[in-house]
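> quick one, structure for this:
(2 chains)
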Number of protein chains: 2
Amino acid sequence: MVKYTLFYMKINGRAGGIRLMLDYLKVPFEDKTFERSEWPTVKPTTPFGQVPVLYVDDDKLVLPETLAIYRYLAAKHGAIPDSLEDQALCDAYADHVQDYMSKLVLFVYAVIHQKPKERILEYREESLKFLQERLFPDLQKQLEKNGTGWMVGDKPTWLDFFVADVVDNHLYWKEENGDEVPEKILNHHEKVFSLPGLEKRLEERKTLFPPKDMFKF
Amino acid sequence: MVKYTLFYMKINGRAGGIRLMLDYLKVPFEDKTFERSEWPTVKPTTPFGQVPVLYVDDDKLVLPETLAIYRYLAAKHGAIPDSLEDQALCDAYADHVQDYMSKLVLFVYAVIHQKPKERILEYREESLKFLQERLFPDLQKQLEKNGTGWMVGDKPTWLDFFVADVVDNHLYWKEENGDEVPEKILNHHEKVFSLPGLEKRLEERKTLFPPKDMFKF
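Now for the predicted structure:
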(Lines give C-alpha, C1' and ligand atoms only; values in the text may rest on other atoms or scores of the structure.)
Protein backbone atom coordinates (compact mmCIF):
# COMPACT_ATOMS: atom_id res chain seq x y z
CA MET A 1 0.00 0.00 0.00
CA VAL A 2 1.20 3.48 -0.84
CA LYS A 3 2.34 5.50 2.17
CA TYR A 4 1.22 9.13 2.13
CA THR A 5 2.59 11.77 4.49
CA LEU A 6 0.97 15.19 4.40
CA PHE A 7 3.29 17.75 5.95
CA TYR A 8 1.89 21.07 7.16
CA MET A 9 1.54 23.38 10.13
CA LYS A 10 -0.70 22.40 13.00
CA ILE A 11 -3.55 24.54 11.61
CA ASN A 12 -6.27 24.08 8.98
CA GLY A 13 -4.85 26.65 6.56
CA ARG A 14 -4.16 25.19 3.13
CA ALA A 15 -4.16 21.55 4.21
CA GLY A 16 -7.58 21.40 5.89
CA GLY A 17 -9.46 20.55 2.70
CA ILE A 18 -6.90 17.94 1.64
CA ARG A 19 -7.30 16.16 4.99
CA LEU A 20 -11.10 16.16 4.55
CA MET A 21 -10.86 14.85 0.99
CA LEU A 22 -8.57 11.98 2.04
CA ASP A 23 -10.92 11.00 4.87
CA TYR A 24 -13.89 11.04 2.50
CA LEU A 25 -11.96 8.87 0.03
CA LYS A 26 -10.95 6.52 2.89
CA VAL A 27 -7.27 7.00 2.02
CA PRO A 28 -5.03 6.56 5.09
CA PHE A 29 -2.25 9.10 5.53
CA GLU A 30 0.13 10.35 8.14
CA ASP A 31 -0.88 13.86 9.14
CA LYS A 32 2.54 15.19 10.06
CA THR A 33 2.36 18.67 11.56
CA PHE A 34 4.71 21.22 13.07
CA GLU A 35 4.23 24.30 15.25
CA ARG A 36 4.36 27.78 13.74
CA SER A 37 7.47 28.53 15.85
CA GLU A 38 9.34 25.71 14.05
CA TRP A 39 8.80 27.25 10.59
CA PRO A 40 12.28 28.82 10.21
CA THR A 41 13.87 25.40 10.80
CA VAL A 42 11.35 23.59 8.60
CA LYS A 43 11.33 25.98 5.61
CA PRO A 44 14.75 25.03 4.16
CA THR A 45 13.81 21.32 4.21
CA THR A 46 10.87 21.86 1.79
CA PRO A 47 11.25 21.84 -2.02
CA PHE A 48 9.92 25.38 -2.61
CA GLY A 49 10.28 26.84 0.90
CA GLN A 50 6.55 26.30 1.27
CA VAL A 51 4.05 23.91 2.77
CA PRO A 52 1.98 21.77 2.38
CA VAL A 53 4.18 19.03 0.94
CA LEU A 54 2.98 15.53 0.13
CA TYR A 55 5.48 12.69 0.55
CA VAL A 56 4.61 9.53 -1.35
CA ASP A 57 6.45 6.42 -0.08
CA ASP A 58 8.88 8.65 1.83
CA ASP A 59 10.75 10.42 -0.98
CA LYS A 60 9.60 8.49 -4.05
CA LEU A 61 7.54 11.54 -4.93
CA VAL A 62 7.95 14.79 -2.99
CA LEU A 63 5.13 17.07 -4.11
CA PRO A 64 4.76 20.74 -3.12
CA GLU A 65 1.95 23.19 -4.05
CA THR A 66 -1.58 22.80 -2.66
CA LEU A 67 -3.45 22.36 -5.95
CA ALA A 68 -0.92 19.90 -7.35
CA ILE A 69 -1.41 17.79 -4.20
CA TYR A 70 -5.22 17.94 -4.45
CA ARG A 71 -5.22 17.04 -8.13
CA TYR A 72 -2.75 14.17 -7.78
CA LEU A 73 -4.54 12.52 -4.86
CA ALA A 74 -7.91 13.06 -6.52
CA ALA A 75 -6.71 11.50 -9.78
CA LYS A 76 -5.32 8.51 -7.87
CA HIS A 77 -8.38 7.90 -5.68
CA GLY A 78 -11.46 8.92 -7.64
CA ALA A 79 -12.24 12.55 -6.90
CA ILE A 80 -11.50 13.94 -10.35
CA PRO A 81 -14.14 14.35 -13.12
CA ASP A 82 -14.07 11.83 -15.97
CA SER A 83 -13.87 14.15 -18.97
CA LEU A 84 -10.92 16.41 -19.80
CA GLU A 85 -13.43 19.25 -20.21
CA ASP A 86 -14.73 18.91 -16.64
CA GLN A 87 -11.17 18.45 -15.34
CA ALA A 88 -10.28 21.72 -17.07
CA LEU A 89 -13.22 23.50 -15.44
CA CYS A 90 -12.06 22.21 -12.01
CA ASP A 91 -8.62 23.62 -12.76
CA ALA A 92 -10.00 26.99 -13.85
CA TYR A 93 -12.23 27.49 -10.78
CA ALA A 94 -9.45 26.35 -8.44
CA ASP A 95 -7.04 28.86 -10.00
CA HIS A 96 -9.71 31.54 -9.60
CA VAL A 97 -9.81 30.73 -5.87
CA GLN A 98 -6.00 30.93 -5.85
CA ASP A 99 -6.23 34.42 -7.35
CA TYR A 100 -8.24 35.37 -4.28
CA MET A 101 -5.82 33.56 -1.95
CA SER A 102 -2.86 35.51 -3.36
CA LYS A 103 -4.67 38.73 -2.37
CA LEU A 104 -5.65 37.36 1.03
CA VAL A 105 -2.07 36.33 1.74
CA LEU A 106 -0.90 39.94 1.26
CA PHE A 107 -3.27 40.96 4.06
CA VAL A 108 -2.24 38.08 6.35
CA TYR A 109 1.48 38.71 5.86
CA ALA A 110 1.03 42.45 6.38
CA VAL A 111 -0.55 41.71 9.78
CA ILE A 112 2.09 39.14 10.74
CA HIS A 113 4.94 41.43 9.71
CA GLN A 114 3.32 44.43 11.37
CA LYS A 115 3.17 46.64 8.30
CA PRO A 116 1.60 50.10 8.71
CA LYS A 117 -2.10 50.00 9.49
CA GLU A 118 -3.16 51.75 6.29
CA ARG A 119 -1.38 49.09 4.23
CA ILE A 120 -3.09 46.31 6.19
CA LEU A 121 -6.48 47.95 5.62
CA GLU A 122 -5.75 48.43 1.91
CA TYR A 123 -4.91 44.73 1.46
CA ARG A 124 -7.94 43.65 3.47
CA GLU A 125 -10.22 45.81 1.37
CA GLU A 126 -8.74 44.55 -1.90
CA SER A 127 -9.10 40.88 -0.97
CA LEU A 128 -12.69 41.40 0.26
CA LYS A 129 -13.56 43.34 -2.89
CA PHE A 130 -12.28 40.50 -5.07
CA LEU A 131 -14.18 37.98 -2.96
CA GLN A 132 -17.49 39.85 -3.05
CA GLU A 133 -17.41 41.28 -6.56
CA ARG A 134 -15.66 38.49 -8.38
CA LEU A 135 -15.10 35.11 -6.70
CA PHE A 136 -18.39 34.62 -4.87
CA PRO A 137 -20.56 35.70 -7.85
CA ASP A 138 -18.54 33.47 -10.21
CA LEU A 139 -18.78 30.41 -7.91
CA GLN A 140 -22.50 31.09 -7.30
CA LYS A 141 -23.11 31.31 -11.06
CA GLN A 142 -21.33 28.01 -11.67
CA LEU A 143 -23.29 26.26 -8.89
CA GLU A 144 -26.53 27.55 -10.45
CA LYS A 145 -25.47 26.48 -13.93
CA ASN A 146 -24.28 23.03 -12.87
CA GLY A 147 -27.38 22.44 -10.76
CA THR A 148 -26.20 19.28 -8.92
CA GLY A 149 -25.00 21.03 -5.77
CA TRP A 150 -21.39 20.16 -6.69
CA MET A 151 -19.08 22.59 -8.44
CA VAL A 152 -18.58 20.47 -11.58
CA GLY A 153 -20.51 17.36 -12.69
CA ASP A 154 -22.66 15.21 -10.43
CA LYS A 155 -20.24 13.92 -7.77
CA PRO A 156 -17.77 15.47 -5.33
CA THR A 157 -14.41 16.37 -6.86
CA TRP A 158 -11.25 17.83 -5.35
CA LEU A 159 -12.52 21.29 -6.29
CA ASP A 160 -15.46 20.86 -3.90
CA PHE A 161 -13.13 20.20 -0.96
CA PHE A 162 -10.88 23.10 -1.91
CA VAL A 163 -13.76 25.57 -2.27
CA ALA A 164 -15.59 24.41 0.89
CA ASP A 165 -12.35 24.65 2.89
CA VAL A 166 -11.66 28.22 1.74
CA VAL A 167 -15.30 29.22 2.41
CA ASP A 168 -15.12 27.62 5.87
CA ASN A 169 -11.97 29.60 6.69
CA HIS A 170 -13.73 32.75 5.53
CA LEU A 171 -16.75 31.97 7.73
CA TYR A 172 -14.45 31.54 10.72
CA TRP A 173 -12.61 34.84 10.20
CA LYS A 174 -15.37 37.07 8.90
CA GLU A 175 -16.75 39.65 11.29
CA GLU A 176 -20.23 39.16 12.70
CA ASN A 177 -22.70 41.15 10.65
CA GLY A 178 -19.89 41.37 8.10
CA ASP A 179 -20.17 40.61 4.41
CA GLU A 180 -22.76 38.06 3.34
CA VAL A 181 -21.93 34.72 1.74
CA PRO A 182 -24.29 33.86 -1.16
CA GLU A 183 -26.82 31.13 -0.36
CA LYS A 184 -25.72 28.56 -2.93
CA ILE A 185 -22.16 28.80 -1.64
CA LEU A 186 -23.33 28.24 1.95
CA ASN A 187 -25.38 25.24 0.77
CA HIS A 188 -22.36 23.89 -1.06
CA HIS A 189 -20.19 24.26 2.05
CA GLU A 190 -22.84 22.43 4.11
CA LYS A 191 -23.13 19.67 1.48
CA VAL A 192 -19.38 19.02 1.44
CA PHE A 193 -19.01 19.13 5.21
CA SER A 194 -21.92 16.66 5.56
CA LEU A 195 -20.25 13.98 3.43
CA PRO A 196 -19.75 10.67 5.25
CA GLY A 197 -16.35 9.95 6.82
CA LEU A 198 -15.55 13.53 7.82
CA GLU A 199 -17.00 13.51 11.33
CA LYS A 200 -13.77 12.96 13.27
CA ARG A 201 -11.74 15.41 11.21
CA LEU A 202 -14.40 18.10 11.59
CA GLU A 203 -14.15 17.79 15.38
CA GLU A 204 -10.37 18.12 15.18
CA ARG A 205 -10.76 21.00 12.70
CA LYS A 206 -12.50 23.14 15.34
CA THR A 207 -9.32 23.04 17.43
CA LEU A 208 -7.00 23.95 14.52
CA PHE A 209 -8.02 27.55 13.87
CA PRO A 210 -5.63 30.17 15.23
CA PRO A 211 -7.17 32.34 17.99
CA LYS A 212 -9.49 35.00 16.52
CA ASP A 213 -7.64 37.91 18.10
CA MET A 214 -4.56 37.03 16.05
CA PHE A 215 -5.84 39.34 13.33
CA LYS A 216 -6.64 42.27 15.52
CA PHE A 217 -4.38 45.08 14.44
CA MET B 1 -12.40 19.13 -36.38
CA VAL B 2 -12.49 21.01 -33.09
CA LYS B 3 -12.43 24.78 -33.47
CA TYR B 4 -10.19 26.57 -30.94
CA THR B 5 -10.25 30.30 -30.40
CA LEU B 6 -7.61 31.77 -28.09
CA PHE B 7 -8.71 35.20 -26.90
CA TYR B 8 -6.12 37.60 -25.51
CA MET B 9 -4.59 41.04 -25.86
CA LYS B 10 -2.37 41.81 -28.84
CA ILE B 11 0.75 41.14 -26.78
CA ASN B 12 2.75 38.06 -25.74
CA GLY B 13 1.89 38.30 -22.05
CA ARG B 14 0.25 35.16 -20.71
CA ALA B 15 -0.77 33.77 -24.11
CA GLY B 16 2.62 33.76 -25.83
CA GLY B 17 3.61 30.31 -24.61
CA ILE B 18 0.21 28.80 -25.41
CA ARG B 19 0.50 30.05 -29.00
CA LEU B 20 3.97 28.48 -29.28
CA MET B 21 2.78 25.17 -27.83
CA LEU B 22 -0.13 24.97 -30.27
CA ASP B 23 2.15 25.68 -33.24
CA TYR B 24 4.58 22.99 -32.09
CA LEU B 25 1.70 20.52 -31.72
CA LYS B 26 0.40 21.55 -35.18
CA VAL B 27 -2.99 22.39 -33.70
CA PRO B 28 -4.74 25.10 -35.74
CA PHE B 29 -6.46 27.86 -33.75
CA GLU B 30 -7.88 31.31 -34.23
CA ASP B 31 -5.61 33.81 -32.50
CA LYS B 32 -8.24 36.43 -31.63
CA THR B 33 -6.69 39.54 -30.12
CA PHE B 34 -7.82 42.94 -28.91
CA GLU B 35 -6.04 46.23 -28.20
CA ARG B 36 -5.22 47.25 -24.63
CA SER B 37 -7.57 50.25 -25.03
CA GLU B 38 -10.50 47.88 -25.59
CA TRP B 39 -10.02 46.09 -22.24
CA PRO B 40 -12.80 47.92 -20.32
CA THR B 41 -15.33 46.80 -22.98
CA VAL B 42 -13.89 43.29 -23.22
CA LYS B 43 -13.53 42.54 -19.49
CA PRO B 44 -17.26 42.03 -18.69
CA THR B 45 -17.60 39.54 -21.58
CA THR B 46 -15.05 37.13 -20.00
CA PRO B 47 -15.97 34.46 -17.40
CA PHE B 48 -13.67 35.73 -14.62
CA GLY B 49 -12.98 39.28 -15.83
CA GLN B 50 -9.63 37.98 -17.04
CA VAL B 51 -7.85 36.83 -20.18
CA PRO B 52 -6.69 34.57 -21.79
CA VAL B 53 -9.86 32.62 -22.50
CA LEU B 54 -10.01 29.51 -24.68
CA TYR B 55 -13.23 28.96 -26.65
CA VAL B 56 -13.73 25.38 -27.84
CA ASP B 57 -16.28 25.04 -30.67
CA ASP B 58 -17.51 28.58 -29.95
CA ASP B 59 -19.11 28.22 -26.51
CA LYS B 60 -19.16 24.45 -26.05
CA LEU B 61 -16.34 24.95 -23.53
CA VAL B 62 -15.37 28.44 -22.40
CA LEU B 63 -12.16 28.08 -20.41
CA PRO B 64 -10.45 30.85 -18.44
CA GLU B 65 -7.16 30.74 -16.47
CA THR B 66 -3.79 30.35 -18.19
CA LEU B 67 -2.68 27.07 -16.61
CA ALA B 68 -6.07 25.41 -17.09
CA ILE B 69 -5.83 26.27 -20.80
CA TYR B 70 -2.27 24.93 -21.10
CA ARG B 71 -3.11 21.70 -19.29
CA TYR B 72 -6.31 21.05 -21.25
CA LEU B 73 -4.74 21.61 -24.68
CA ALA B 74 -1.67 19.60 -23.68
CA ALA B 75 -3.81 16.68 -22.46
CA LYS B 76 -5.80 16.74 -25.72
CA HIS B 77 -2.83 16.96 -28.07
CA GLY B 78 0.10 15.14 -26.49
CA ALA B 79 2.15 17.58 -24.45
CA ILE B 80 1.40 16.14 -21.01
CA PRO B 81 3.56 13.50 -19.27
CA ASP B 82 2.23 9.94 -19.20
CA SER B 83 2.35 9.22 -15.47
CA LEU B 84 0.23 10.93 -12.82
CA GLU B 85 3.45 11.52 -10.86
CA ASP B 86 5.08 13.47 -13.68
CA GLN B 87 1.81 15.31 -14.35
CA ALA B 88 1.79 16.32 -10.67
CA LEU B 89 5.37 17.61 -10.91
CA CYS B 90 4.38 19.70 -13.96
CA ASP B 91 1.52 21.14 -11.92
CA ALA B 92 3.75 21.92 -8.94
CA TYR B 93 6.45 23.71 -10.96
CA ALA B 94 3.84 25.65 -12.94
CA ASP B 95 2.20 26.83 -9.70
CA HIS B 96 5.61 27.83 -8.41
CA VAL B 97 6.01 30.03 -11.50
CA GLN B 98 2.53 31.42 -10.81
CA ASP B 99 3.65 32.36 -7.29
CA TYR B 100 6.30 34.49 -8.96
CA MET B 101 3.79 35.91 -11.46
CA SER B 102 1.48 37.02 -8.65
CA LYS B 103 4.38 39.06 -7.23
CA LEU B 104 5.37 40.43 -10.64
CA VAL B 105 1.78 41.49 -11.34
CA LEU B 106 1.81 43.69 -8.21
CA PHE B 107 4.78 45.57 -9.68
CA VAL B 108 3.23 45.86 -13.15
CA TYR B 109 -0.14 47.11 -11.81
CA ALA B 110 1.60 49.57 -9.49
CA VAL B 111 3.35 51.09 -12.53
CA ILE B 112 0.18 51.13 -14.66
CA HIS B 113 -1.89 52.67 -11.86
CA GLN B 114 0.86 55.16 -11.04
CA LYS B 115 1.28 54.18 -7.40
CA PRO B 116 3.94 56.04 -5.36
CA LYS B 117 7.47 55.33 -6.53
CA GLU B 118 8.56 53.69 -3.26
CA ARG B 119 5.70 51.18 -3.57
CA ILE B 120 6.69 50.39 -7.17
CA LEU B 121 10.30 49.82 -6.09
CA GLU B 122 9.22 47.64 -3.17
CA TYR B 123 7.14 45.39 -5.44
CA ARG B 124 9.91 45.20 -8.03
CA GLU B 125 12.43 44.22 -5.39
CA GLU B 126 10.15 41.56 -3.91
CA SER B 127 9.42 39.93 -7.26
CA LEU B 128 13.11 39.94 -8.25
CA LYS B 129 14.09 38.54 -4.86
CA PHE B 130 11.65 35.65 -5.28
CA LEU B 131 12.90 35.06 -8.82
CA GLN B 132 16.60 35.04 -7.89
CA GLU B 133 16.47 33.35 -4.49
CA ARG B 134 13.64 30.92 -5.06
CA LEU B 135 12.25 30.31 -8.55
CA PHE B 136 15.45 30.26 -10.63
CA PRO B 137 17.37 28.02 -8.18
CA ASP B 138 14.40 25.63 -7.93
CA LEU B 139 13.97 25.41 -11.72
CA GLN B 140 17.73 25.02 -12.21
CA LYS B 141 17.83 22.21 -9.62
CA GLN B 142 14.97 20.38 -11.35
CA LEU B 143 16.65 20.71 -14.77
CA GLU B 144 19.86 19.27 -13.29
CA LYS B 145 17.99 16.45 -11.58
CA ASN B 146 15.90 15.54 -14.63
CA GLY B 147 18.89 15.73 -16.95
CA THR B 148 17.05 15.54 -20.30
CA GLY B 149 16.98 19.28 -20.95
CA TRP B 150 13.20 19.27 -20.42
CA MET B 151 11.58 20.23 -17.12
CA VAL B 152 9.94 16.84 -16.50
CA GLY B 153 10.52 13.52 -18.31
CA ASP B 154 12.16 13.18 -21.72
CA LYS B 155 9.90 15.13 -24.08
CA PRO B 156 8.49 18.66 -24.21
CA THR B 157 5.42 19.18 -22.01
CA TRP B 158 3.17 22.20 -21.49
CA LEU B 159 5.37 23.18 -18.53
CA ASP B 160 8.33 23.70 -20.86
CA PHE B 161 6.37 26.19 -22.96
CA PHE B 162 5.09 28.00 -19.88
CA VAL B 163 8.54 28.27 -18.27
CA ALA B 164 10.33 29.27 -21.49
CA ASP B 165 7.70 31.93 -22.18
CA VAL B 166 8.05 33.46 -18.70
CA VAL B 167 11.86 33.36 -18.96
CA ASP B 168 11.69 34.99 -22.41
CA ASN B 169 9.53 37.80 -21.04
CA HIS B 170 12.03 38.26 -18.22
CA LEU B 171 14.93 38.41 -20.71
CA TYR B 172 13.08 41.09 -22.68
CA TRP B 173 12.37 43.28 -19.65
CA LYS B 174 15.48 42.76 -17.57
CA GLU B 175 17.96 45.59 -17.48
CA GLU B 176 21.25 45.22 -19.30
CA ASN B 177 23.91 44.11 -16.85
CA GLY B 178 21.01 43.29 -14.56
CA ASP B 179 20.43 40.05 -12.72
CA GLU B 180 21.86 36.88 -14.25
CA VAL B 181 19.76 33.97 -15.49
CA PRO B 182 21.26 30.57 -14.55
CA GLU B 183 22.81 28.68 -17.45
CA LYS B 184 20.57 25.63 -17.44
CA ILE B 185 17.52 27.89 -17.59
CA LEU B 186 18.97 29.78 -20.56
CA ASN B 187 19.72 26.45 -22.28
CA HIS B 188 16.17 25.30 -21.60
CA HIS B 189 14.73 28.51 -23.09
CA GLU B 190 16.92 28.04 -26.16
CA LYS B 191 15.89 24.37 -26.48
CA VAL B 192 12.16 25.19 -26.36
CA PHE B 193 12.43 28.15 -28.74
CA SER B 194 14.38 25.95 -31.21
CA LEU B 195 11.62 23.34 -31.50
CA PRO B 196 10.34 22.85 -35.07
CA GLY B 197 7.15 24.67 -36.11
CA LEU B 198 7.74 27.81 -34.05
CA GLU B 199 9.62 29.88 -36.64
CA LYS B 200 6.71 32.05 -37.86
CA ARG B 201 5.34 32.65 -34.35
CA LEU B 202 8.76 33.68 -33.06
CA GLU B 203 8.98 36.34 -35.78
CA GLU B 204 5.55 37.64 -34.84
CA ARG B 205 6.47 37.44 -31.15
CA LYS B 206 9.20 40.06 -31.61
CA THR B 207 6.52 42.58 -32.61
CA LEU B 208 4.22 41.77 -29.65
CA PHE B 209 6.26 43.12 -26.72
CA PRO B 210 5.10 46.47 -25.35
CA PRO B 211 7.66 49.28 -25.84
CA LYS B 212 10.45 49.04 -23.28
CA ASP B 213 9.92 52.55 -21.94
CA MET B 214 6.46 51.53 -20.74
CA PHE B 215 8.00 50.53 -17.44
CA LYS B 216 10.05 53.62 -16.90
CA PHE B 217 8.71 55.26 -13.75
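> what are the boundaries of the helices in chain A?
For chain A, the helices defined by DSSP state H occupy A:16-24, A:39-42, A:66-77, A:84-112, A:117-130, A:136-146, A:158-173, A:183-193, A:199-206.
> what sits up against the fifth one?
What that stands for is helix A:117-130. For helix A:117-130, contacts defined as CB atoms under 8 Å, 6 or more residues apart in numbering or on different chains pick out A:99, A:100, A:103, A:104, A:106, A:107, A:110, A:111, A:179, A:217. C-betas here are computed from N, CA, C, even on glycine.
> out of the helices of chain A, which gets nearest to residue B:170?
Proximity to residue B:170 (CB to CB) singles out helix A:84-112 among the helices of chain A, at 19.3 Å.
> what angle sits between that closest one and helix A:136-146?
160 degrees (axes from the mean of the first three to the mean of the last three CA atoms, to 10 degrees).
> distance from the chain centre to helix A:84-112, please.
Counting by CA atoms, centre = their mean, to the nearest Å, helix A:84-112 is centred 9 Å from the centre of its parent chain.
> in that helix, which residues are buried?
Buried positions in helix A:84-112, judged by neighbour count with 16 or more other CB atoms under 10 Å in any protein chain shown: A:85-104, A:106-108, A:110-111.
> just to revisit the earlier point, can I get the helices of chain A in a markdown table including distance to residue B:149?
Output for these, formatted as a markdown table (distance: least, CB to CB, whole Å):
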| stretch | distance to residue B:149 |
| --- | --- |
| helix A:16-24 | 33 |
| helix A:39-42 | 33 |
| helix A:66-77 | 22 |
| helix A:84-112 | 27 |
| helix A:117-130 | 39 |
| helix A:136-146 | 39 |
| helix A:158-173 | 32 |
| helix A:183-193 | 43 |
| helix A:199-206 | 43 |
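> out of the ones you listed, which gets nearest to residue B:51?
Taking the helices of chain A one by one with CB to CB, helix A:84-112 is closest: 12.7 Å.
> who in chain A is up against chain B?
Contacts of chain A with chain B, taken as CB under 8 Å from any CB of the partner chain, map to A:47-50, A:56, A:61, A:63-69, A:71-72, A:75-76, A:84-85, A:87-89, A:91-92, A:95-96, A:98-99, A:102, A:134, A:138.
> please redo it, this time with the cut-off set to 6 Å
A:48, A:61, A:63-65, A:67-68, A:71-72, A:75, A:84-85, A:88, A:91-92, A:95-96, A:102, A:138 (CB under 6 Å from any CB of the partner chain).
> okay, now the domains of chain A?
A:4-79+A:201-206, A:84-195 (automatic domain parsing).
> got the end-to-end distance for the longest one?
Going back to what we said before, that points to domain A:84-195. Start and end residues of domain A:84-195 are separated by 25 Å (CA to CA, to the nearest Å).
> no more questions from me, cheers.
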